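Peer 1: give the three-dimensional model of this entry:
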Amino acid sequence: TQPIPGLFPRRNRLISALSHGTLVVEAALKSGSLITARLALEQNKEVFAIPGSIHNPMARGCHQLIRQGAKLVESADDILEDLPLGTGKSTPYPRKSDINTHENPKDIHKALDPDHQKLLKCLAYEPASIDELVNSSDFNAAEIASMLLIMELEGIVVCQGGRYTNVK
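Peer 2: Now for the predicted structure:
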């Protein structure tokens, strides 16, 4: 199928909502990347930009973002120091005993399809990032992100600091 340009902003709004931050590598002054960066800011997400040559028109959007307060990025460490990805900056995970629920957790787990149940078993003991779940399961990152979103909306898992944990 052919891409439909009008759908890019909606898709990018979802992508920025699921992300901890948005990194713009190259962008002209009228660029979809700048739309995504604006959406990320509206969602209180971090925005990062890599500067480029002053002679490159594809770097002007990044320079504009940096002037407007985006964090200048020269290495991955510049991003990692600002995001609470398992660094202890986030609030503690709720313990299962702290969750107020009238439902039987075993019933909730049984109601999940087999793939969701398999993924939930990977979260049985320790909070895990999507990358860690890819390594410990048979699913790819997109499948895991989709399943985690569903389980988070159902209140079965929580995400804090980029790490997911089972709360029921």
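Peer 1: have a look at the chain and report its longest helix.
Peer 2: In the chain, assigned by DSSP state H, the helix with the most residues is helix 141-153.
Peer 1: ok, Asp115 - contacts?
Peer 2: The contact partners of Asp115, by C-beta atoms under 8 Å, 6 or more residues apart in numbering, come to 139, 143, 147. (Glycine included, C-beta is placed from N, CA and C.)
Peer 1: again, only using 10 Å
Peer 2: By C-beta atoms under 10 Å, 6 or more residues apart in numbering, the residues touching Asp115 are 137-139, 143-144, 146-147.
Peer 1: domain boundaries for the protein, per the record?
Peer 2: The chain breaks down into these domains under automatic domain parsing: 5-80, 96-166.
Peer 1: tell me which of the contacts of Asp115 is nearest to Ile4?
Peer 2: When the contacts of Asp115 are ranked by distance to Ile4 (C-beta to C-beta), Ser146 comes first, at 21.2 Å.
Peer 1: rewinding a little: I'd like the contacts of Asp115 written out as TSV, with neighbour count and distance to Asn12 added.
Peer 2: Formatted as TSV, the contacts of Asp115 follow (neighbours: other C-beta atoms under 10 Å; distance: C-beta to C-beta, whole Å):
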residue	neighbour count	distance to Asn12
Ser137	18	27
Asp138	10	29
Phe139	18	24
Glu143	15	21
Ile144	22	21
Ser146	14	17
Met147	21	22
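Peer 1: nice, that's everything, thank you.
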